[in-house]
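>>> Have a look at this prediction, sequence included:
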Number of protein chains: 6
Amino acid sequence: MPQMDLPLEELRRYLPDREEPDDFDAFWAETLAEARTHDRPPEFHPYDACLSEVDVFDVRFPGFGGDPVAGWLLVPASATGPLPCVVGFLGYGGGRGFPYEWLTWPAAGYVHLLMDTRGQGGSLQPGATGDPYGSSGPSSPGMVTRGIQDPADYYYRRVFTDAVRAVDAARAHPSVDPARIIVSGGSQGGGIALAAAALADDVGAALVNQPSLCHYRRALHVVEGNAYREIWTYLRTHREAVEPVFRTLSYFDGVNFAARATAPALFSAGLMDDICPPSTVFAAYNHYAGEKDIRLWPYNRHEGGGYYQDLEQLRFLRSLPLTAS
Amino acid sequence: MPQMDLPLEELRRYLPDREEPDDFDAFWAETLAEARTHDRPPEFHPYDACLSEVDVFDVRFPGFGGDPVAGWLLVPASATGPLPCVVGFLGYGGGRGFPYEWLTWPAAGYVHLLMDTRGQGGSLQPGATGDPYGSSGPSSPGMVTRGIQDPADYYYRRVFTDAVRAVDAARAHPSVDPARIIVSGGSQGGGIALAAAALADDVGAALVNQPSLCHYRRALHVVEGNAYREIWTYLRTHREAVEPVFRTLSYFDGVNFAARATAPALFSAGLMDDICPPSTVFAAYNHYAGEKDIRLWPYNRHEGGGYYQDLEQLRFLRSLPLTAS
Amino acid sequence: MPQMDLPLEELRRYLPDREEPDDFDAFWAETLAEARTHDRPPEFHPYDACLSEVDVFDVRFPGFGGDPVAGWLLVPASATGPLPCVVGFLGYGGGRGFPYEWLTWPAAGYVHLLMDTRGQGGSLQPGATGDPYGSSGPSSPGMVTRGIQDPADYYYRRVFTDAVRAVDAARAHPSVDPARIIVSGGSQGGGIALAAAALADDVGAALVNQPSLCHYRRALHVVEGNAYREIWTYLRTHREAVEPVFRTLSYFDGVNFAARATAPALFSAGLMDDICPPSTVFAAYNHYAGEKDIRLWPYNRHEGGGYYQDLEQLRFLRSLPLTAS
Amino acid sequence: MPQMDLPLEELRRYLPDREEPDDFDAFWAETLAEARTHDRPPEFHPYDACLSEVDVFDVRFPGFGGDPVAGWLLVPASATGPLPCVVGFLGYGGGRGFPYEWLTWPAAGYVHLLMDTRGQGGSLQPGATGDPYGSSGPSSPGMVTRGIQDPADYYYRRVFTDAVRAVDAARAHPSVDPARIIVSGGSQGGGIALAAAALADDVGAALVNQPSLCHYRRALHVVEGNAYREIWTYLRTHREAVEPVFRTLSYFDGVNFAARATAPALFSAGLMDDICPPSTVFAAYNHYAGEKDIRLWPYNRHEGGGYYQDLEQLRFLRSLPLTAS
Amino acid sequence: MPQMDLPLEELRRYLPDREEPDDFDAFWAETLAEARTHDRPPEFHPYDACLSEVDVFDVRFPGFGGDPVAGWLLVPASATGPLPCVVGFLGYGGGRGFPYEWLTWPAAGYVHLLMDTRGQGGSLQPGATGDPYGSSGPSSPGMVTRGIQDPADYYYRRVFTDAVRAVDAARAHPSVDPARIIVSGGSQGGGIALAAAALADDVGAALVNQPSLCHYRRALHVVEGNAYREIWTYLRTHREAVEPVFRTLSYFDGVNFAARATAPALFSAGLMDDICPPSTVFAAYNHYAGEKDIRLWPYNRHEGGGYYQDLEQLRFLRSLPLTAS
Amino acid sequence: MPQMDLPLEELRRYLPDREEPDDFDAFWAETLAEARTHDRPPEFHPYDACLSEVDVFDVRFPGFGGDPVAGWLLVPASATGPLPCVVGFLGYGGGRGFPYEWLTWPAAGYVHLLMDTRGQGGSLQPGATGDPYGSSGPSSPGMVTRGIQDPADYYYRRVFTDAVRAVDAARAHPSVDPARIIVSGGSQGGGIALAAAALADDVGAALVNQPSLCHYRRALHVVEGNAYREIWTYLRTHREAVEPVFRTLSYFDGVNFAARATAPALFSAGLMDDICPPSTVFAAYNHYAGEKDIRLWPYNRHEGGGYYQDLEQLRFLRSLPLTAS
C-alpha cells in the first residue's frame, strides 16, 4: 500500500516523547574530547580526476580514536578566497566513490568535503575507510548492530564522532571559511548530519533529507527496510536483548540530536517512504530546536525529492544570511 | 547464474553476420535530409540552476520532423573560447532530469549537450520532450514497439534522427568547437551514440557503454530485460509478426551502425550484464569500423564500470588528438 | 493483507465528494460533436474463424478524429431479426484478440460488438488498432499518462470517444436493434463502459465489473497496481505536476460519469481487489444516477466474480424490460 | 534466460529412449477392463446457462471405480443430426468452471464434452468432482504425488481411466457421432489427451498443446514448474524414493502413450516454455505413432499459441477426412 | 509492515464471539467413540538410529477409522520407571522425519511420542503415514480443503482423532506414566494440541505455540499464509461456498477447543507473526478454560520464540505439580 | 533451472588446478603458533538447560589472539570414561543458539563441542562471541569480505584459527578422549571443518557436508548465493581489487586444505545445490588427501541430505577404527 504511515495532518503534529538517557550529553562530550586528543592535522592530497574546473583532494583526517577517515575535498578551481563548505555524509552501504558523484556543490561555488563512512563502501560505490574496531558481541549482517550491546562500543559512536571531526577537518583547509559550514546528508547521511548539527560547533546550516537513525521504536513497527531491518533481525534472534538494544540506541537517536541542534535547517520527506517512514522524520523535525522548514514529496518513496530537493537546498542556502568570517 | 553469456575468449572473436536491408543507407540518408529541412536554429535559454561555475542553458532544437527536442547545454563558466563538446544520450526510461546530474563534462572542461529522449521522461528522471507521433498499430507498454510494424513509423527512427540533429545543434552554439564533437551514452544511450557516430558528420570520438539496441535476435534469446523485454512481449502476443519485426529492427541495429562508424571509440561491457548481454556488445564492437578499445568489467551486471568507466573515458579523450578547428 | 480497503459497511455508504471541472459537460459535448463530423459508415468485413454458428465480422469504425478503430462483431448465425447488442470494452493491455474469446454473448442470443482499445494490444492478446497521436509531453511506460498534461491531449479522451462511436457503429449494423444497446466491461473496460453509459445516447443497460479509472486520488493512496501505478510513477517523477495531473484526470473520472448515467446497471466488486480497490468502485456505484445493483465477491481480488458474474449478468439482462424498437 | 532448452534443430531430432515397464499394456488393459465393469449409463442433465444457441448439459459419467465424474456437454442448438465431438481435458488445478469457457467447439459446430479432473477444481475455476481415494503414503501438496508409491494407487491411473470413460460417455449421447471423436487438451490436459488417444478405441484425432506428464526425468532437470515441481519436492524430501517414483511414473509417461497412439494429431509447443519444456514435448511428438504435425511458437512460454493455436486446430480438423459413421 | 495485527493492549482483551455449532460436542463424542472401536494395540518396533542414549521405537497406532498412523517413541535409555510423556504434533507440511529432530524431550527425561500427520510428509521432512480417504468434492492444493464440504469428511476430523488416539497409544507403552501426559505443538501442531487438550482424557498440560487452525474468519482477513491461504484459494474459486465452508470449520476451530480444555497451558505468540496472526492466537488463549500463561515475542514472525520457548516450556513443566500415577 | 552445474560424470573427475600461494604452509604455521601463545585453559561452566540426560557446559576457550570464543560442550550424563568427541562448526549467519539444537551427538554417545562463529550469531540463532577486530578497508555487508584486502587481516584467518583451538579445547576436557576427535560441519561449517582437518593435529575423522569456502573462482561464476554473493558484491564495487581478492582467498580455499587433510572423511553434496554448487564440493573432495567417501543427493539443493546424512555419518563413524587412547 503506497501510503503506509500516518496522514499528513497527524504527521505535522507528531511529537512523540523522547527516549533519552540522563548522561546523553556527558556521553558525547567525553567521546568528542577523547577524539580530539588525536589532533594531527588532516591530509589533503591532490588527486587527478581529469577535472580542470575542480581541484580534487583525497582527504585523510583523524576520526574516532584518531583512525584515518577518507573523504574527498572538492574546491571550485575559480576560488580566490575562503568559501562556504558543505560537509556531506553518505547513505547506507556505499563509500565515497569517485569525485564525479559530488560535483554539485563545487559547481555552485561551495567547497565540498564528502566523508567516507567507515567500514562501509564494499557495495554500490567503493569506499576507502576501514573500521578497525570489532565488537565484543555478535551482530547481524551489516554495520547497524555492531557493538549494539554497549553504547561505548556501538558503531555509530565512531561514525558520529568522525562526522564532527570531518567538520573540524573542513575548517582546517585554507579554501574553507570556518564560519560557514553546512552539514548535509540523506537517509543514513541525514541521521549523521543531525548528529553533526548537534555535536559540532557553530554549524551554519543543516540539510537533512529523509533521515534514517531516528525514532527507532516506531520505525521498527512500521517498516522493514534497510538499516532498521538489521536491528529487527537482531531482535528477532536475541529475544532477550530488546530493552538493552533500545537503551544503546537512545544515545544515537536523531530525535535527541534534533532537540539540541540550532542551525537553520531544511528537511525533506517522502510521504510514501517505506525505508525511512515519514513519522520518524517528523519526530526529528518537530523536535528540531533551530529554525526549520521541510519539503514534502507526497508521491515519493525513499528517493524523496531527488534533484528537485537539490534545487530547494541551493535556494535555501542562497536565502540564508550565512555570514563570512 | 551470474555468468550467463559466452566465455570471454569467444566474446572476443564473436562476429555474427549482420542482418541489414539493402536500402539501409538510403533509408537513413532520406530520413536525415527530410529532418534537415526543418532548419530553424536551436534555442538556448539561460536557466538558473543556482550554479556559479557552470552556465546552464535549457535547449530546444528541431529534431525529427522539426519537433522541439529538449536538452541541457552546460558550459564551464571559465570558458573563454570554443571547447570540445560531448553530446550525451540517455538510458531507457528517464528524461534529462536536472543539470546536477550532468556536471562531469563541464567540470572536466568540456561543453556538454545532453539530449532528452522524446516521449520518455515520465519515470526515474523527468523529461521535457513529447513524441507527437502515434502509431498505426498496437504496441506493448513502453516505447520500443511503437511503430514497429514499419521502419518509417518506428520510434527509434525519430530518436536517432534527433541524435544527429543534437550534434548539429551543439555545433551551433558559440562555446562549441564544431570540429571536436564526442558522442556518448550507455545502455539505450549507447545504442543512440552508435547511431549518431555512424550518421552524424565528422564525429571526433564515441563513448559507448554497454549499448542496448544491438543484435536483437541474440538479445532476445539470452536475456529478458528492459527494452528487449518489450519486443519479446510483442512477439509473444503477435505471433504472426516475428519476421516483419526483425525486418524493421534491421534498420535500427547498432551492429549495422557500428560497421559504418569511423571515429575512435571507447566501449565498455559488464561480463555479467543481463540487460545488455556482452555478446550483443561484442557484436557491435567487433564490427565497429573505427579505431576502438573496450574496457571489460568481469563481475559487473548492467552497471558496468560505473564511475570507473568515467575516469577511463576522461583519460581516453585526453589521449586522443582531437584537433581544435 | 487480504483485506486492505474499508470494511463493507463503510463501503456501502462511501460517497466522497466529486472532483469535477465546471466545463466537464461542455468538454465532452464538444469532443463528441467533433468526432461525429467523421461520419463515414463503419465497415463490417466477414471473417472466417471456422465458426459455423456465429457470423464474425472484422469491424473498422471511425473513432476519435475519424481514426479507424478495430473490433469484432459477432452475430448468432440463427438470427432472423434485429437483436439486442452488447458493446464490450477491454481490460488494460490486451487487444481484441480472436473471436473465440467473445462467444458468450452470441451464444446467449445477443449480438456482440467488441471494441479494440487503440494503441494497446501489444501484450496478452493481439490488437489491431493504432493510436496515431503522440503527446507533447513525457510519459511513463504504458498509455495512462500519455498526454496527461492536457485534457484535450489525454489518451482516454480518444478512448472514451471511440467507445461512444462504437455504440454508434453497433447501431449501424442491420442485425442490431438500436433500441437495445448494453455497454459492458471490466477493469479498464468497466471505466470505459461508465463513460459510454454517460456519453452515448439511450443506452439500455450497463454492466460494470471492478472498474478502473475511478476516484484516482483514493486509488493512488491504497493500491499500486496496474493503470494507477503508471500515474504514480509519473507523479513520483514529475513532482511539480501533482495538481495539473489530477485536474486532467477530473475530466475522465468514472465517478463523474456515474453521476450522469441513467441506464439500469449491474456492478460488481472484489472486496479484496488490490488493483481496483472496492472503495473506488463504491465511489462510482454510490454516485451512479440510474437504477443499480452490485454483486460483491468477498474473497476475490481483481478477478472479481469471474464466470459467476457472467451468469449474474445474463440473468440481470433477462430480468430487464429491454424493449425492442 | 528466455531460451533454456535445446535449440530447435536438436529438438526436431530429439528421440530419447523410452522408459517403459514390461507390463505397461497389461496394466492398462486390466485397469480399463475393471473400470468398464461399472457400466451404468452417463447422465446428461439440462443446465440453464442462459444460452439460447447452445444446449448445455451437466454431465455425470462413471469413471475409474465407477466414481461419478462431472463434465459439461455442449451441443449447438442448431444440431439436427450426430456431430463430431471434441472430448476436452483440463490443465492442472482448475475444474470445469462454467460453460462460458467452452464455447468455441459448439460455435464451430462440434459437440464438446469437457471432463472435470477429479479432486482438482479448488483453485482457478471451480470443479465438481471429488477423488474418493486417499493414499497409503505421504504426498507433497497437490495431486501429482498422491499414491506415487505404487502404480495401482497413483492418482493419474484414475484420471487417465476417467478420460477413456469420458470418450465412452460422449459416444453415448445421441447428438454425438461415435465415429468422430477428437481428444484435446493443453498442459496436463495434453498429457491426458495423449493417454486417451492411446487407450480409448478408435479416436479420430488428437489435439495436444504443450503437454505435461511427459518424459519426467528430463523435465525434472530443466524446469521447476507446476506439476513437475511437486515430484521434485517429493524427491527432495524422500531421498530414498527416487527410483521407485520413476518406476511408478513410467506407467504414466506421455512418451509411452504417444508411441501407442495412431490417430492424426496436431501438437504445439512454446519454444520458451519453462513449465512444459519443449524437449519433453518433442520427446512425445517424435515418438508419436500416428500422422502428426506440430505448430511451434518461438517466443512463447507456457501460453504457447493461445488462440492462434485454436484457429490452427479448427483448420486442422477441417482438413481431416473425419468420416461420419 | 512488521506489525500488521492489533496492538498488544487490544490483543490482551480480544475475546471474539465463538462460532460454534450446537452439535459440536456430540459430533466429537461420536467421532471418538467410533475411532475407539478400532482397538488393536499400538505397535512399537525398535529402530536403530545409532543412538545409545535414547531407545527409539517406530510406532504404528490405530487412528481415525483404525488407520495405521506412524510416529516415533523416544525413551531415555536411563529410564527405570514410568516417565511423563510429551505427545507432540507437527507443523504443516512435513512428516515425522528422523528421530534426531526430536531429542529434546528424552534429553530432558521425558518420553516423547511424536505423531506423524496423515497424508502430509511429502515436503520438508519425510512422513510415513498415508491418508486413505479421498473426498467427494474438489479441493485446492494441500490438505486444508480436503473434504471441507462436510464436517464428517473433513481432513482435520481424521487428524484430530488421530491426536486423541496418539495420547491413548502413549499411555499404552510401559515407559509412560499415563497420569502425566503433556500435549504439545506449534503452528498446525498447536492447533492439533488444542484439540487434543480438549478431546483427550485427563491431559496433564498443554504447550501451544503460535497455533494455526484458530478463528478462521479473522485469519482470512489479516493474513494470506500457509494453511489459511488454501482456504482463501478455495473461497476465491468456489464463491458459492463461503458459509458452508465456515460452518464446516466451526467444528474444527481451536477457539472452541480452547473453551473446553482445562489442563494448565503455556501458549506463545510472535507479535509480528504473519502466518498465524496474534489476534487469532489470543482468541484461543483468552477463551482457554484452564490455568494458562503466554509468552510473547514482540519482534518475531512465525518462528515465535524458537529455542527460547523450548526453555520456557521445560521450566513451565518443571514448575507444574504433575503427579505421578 | 534445477540442475545448473556440471553433469555427475564430469563432477566425479573434476580436479581443477589448485590456486595456492607459495607460503601457504608458512602462513598457517605462523598463525597457529602465535595463537597458541595464548595458552590459558578453556573454561567449562555448567549450564542449566533443564536436561537431565546431558551435561551441558557453556564453553569459553582462547581462539585467535587469545580472544574468548564461546561454545557448548555436551556430555552424555551416562558417561563414565573418556569418549570420542565431535567438534562442530556452524553454517553462515547463526550462532551457537541453544543446546537443544545439538543433541544428536550426545544421544549417540559422543561428546560434542559446538563452536560459535565469532562475530556472527546476530541472525537465525543467537551467538555469544564477538570479533574484536575491525578491518583497515571497506567491506560489503556480512563477514566474508572483512579484511579481504590482506590475508593477515582476513576474517577467516581468525575463524579457522579458532577452529584449531576448539580442537585443542575439546582435548582439554576430562570427558574427551584426545585420540578420538572428529571435525564436522556443513556449508560454512564444512569449509571450517576442512581447514581444521588440515591444520589441527591428529584429527580422527572429518564430516563435511556441502562445504562453502571452496574454489572461489568457479563458485562466483555459477552461483550468486550467500557467502559467495558478498565477495561478488565486493568485486562489483571494487573493480580494481579482483586479483588481490583472489590472492587473499587462496590462503583460505577449502581445496587447498583438502589437499593437506589425511583423516578419513565423509563428504556429501546436493547435486542441485545453488548455494555451494557441486563442482566446488567435488573440487575439494577430489583433492582430498585422506580416505574418503561421498554421499550424493541428486534432487537436493543446499539442504543436501538433511537427517538422512546424519544417519550416514553415524554409520560412517561406527565403521571407523577410531582407537581409544
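That came through, no problem.
>>> Please tell me how far A:Leu266 sits from chain B.
14 Å (C-beta to the nearest C-beta, to the nearest Å). Heads up, the C-betas are built off the backbone N, CA and C, glycines and all.
>>> okay but that residue is in contact with A:Glu312, surely?
Yes: between A:Leu266 and A:Glu312 there is a contact at 6.8 Å, judged by C-beta atoms under 8 Å.
>>> show me where the stretch 201-325 of chain A has strands.
Taking DSSP state E, counting those that start in this stretch, the strands of the stretch 201-325 of chain A run over residues A:205-209, A:265-270, A:292-297.
>>> residue nearest the centroid of chain A?
By C-alpha atoms, centre = their mean, chain A has its centre lying nearest to A:Ile192, at 2.1 Å.
>>> what's the closest non-adjacent residue to it?
A:Phe89 (3.9 Å; C-beta to C-beta, 6 or more residues apart in numbering or on different chains).
>>> Now the helix or strand containing A:Phe27: average pLDDT?
Applying DSSP states H and E as the criterion places A:Phe27 in helix A:24-36. What helix A:24-36 shows for mean pLDDT is 98.
>>> same thing with stretch A:57-64?
Regarding stretch A:57-64, the rounded mean pLDDT is 98.
>>> How about stretch A:128-142?
92.
>>> ok, and for that stretch, which residues are buried?
A:128-135, A:137-142 (16 or more other C-beta atoms under 10 Å in any protein chain shown).
>>> quick one on the thing from earlier: check which strands are paired with the helix or strand following the helix holding A:Phe27 and give the direction for each one.
Next in sequence after helix A:24-36, counting helices and strands by DSSP H and E, comes strand A:43-46. Partners of strand A:43-46 in the sheet, by DSSP bridges, are strand A:54-62 (antiparallel).
>>> May I have the partner strand as CSV, with CA atoms only?
The C-alpha coordinates for strand A:54-62 follow below in CSV (Å, rounded to 0.1, in the frame of the first residue of the first chain):
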residue,chain,number,x,y,z
VAL,A,54,37.5,21.5,-9.8
ASP,A,55,40.5,20.9,-7.5
VAL,A,56,40.1,17.5,-6.1
PHE,A,57,41.8,16.3,-2.9
ASP,A,58,42.0,12.9,-1.5
VAL,A,59,41.4,13.5,2.2
ARG,A,60,42.5,11.6,5.3
PHE,A,61,41.5,13.1,8.6
PRO,A,62,41.7,11.7,12.1
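>>> quick check: angle from it to helix A:24-36?
Angle, strand A:54-62 to helix A:24-36, by axes from the mean of the first three to the mean of the last three C-alpha atoms, to 10 degrees: 100 degrees.
>>> Contacts for strand A:54-62, please.
Identification of contacts with strand A:54-62 by C-beta atoms under 8 Å, 6 or more residues apart in numbering or on different chains yields A:35, A:38-40, A:42-49, A:68-77, A:79, A:99, A:103, A:106, A:113, A:165-166, A:168-169, A:173, A:175, B:107.
>>> Give me the pLDDT value at A:Ser325.
65.
>>> for chain F, what are the nearby residues on the stretch 51-200 of chain A?
The interface of the stretch 51-200 of chain A toward chain F, taken as C-beta under 8 Å from any C-beta of the partner chain, is made up of A:93-95, A:119-143, A:145.
>>> related to what we said a few turns ago, now do the helix holding A:Phe27: distance to the chain's middle.
Taking C-alpha atoms, centre = their mean, to the nearest Å, one finds helix A:24-36 lying 18 Å from the centre of the chain it belongs to.
>>> CA atoms of it as CSV?
Extracted C-alpha coordinates of helix A:24-36, given in CSV (Å, rounded to 0.1, in the frame of the first residue of the first chain):
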residue,chain,number,x,y,z
PHE,A,24,23.4,11.7,26.9
ASP,A,25,25.3,15.0,26.9
ALA,A,26,28.1,13.7,29.1
PHE,A,27,28.5,10.6,26.9
TRP,A,28,29.0,12.7,23.8
ALA,A,29,31.1,15.4,25.5
GLU,A,30,33.5,12.7,26.7
THR,A,31,33.5,10.9,23.4
LEU,A,32,34.4,14.1,21.4
ALA,A,33,37.0,15.2,23.9
GLU,A,34,38.7,11.9,23.6
ALA,A,35,38.6,12.0,19.8
ARG,A,36,40.1,15.5,19.7
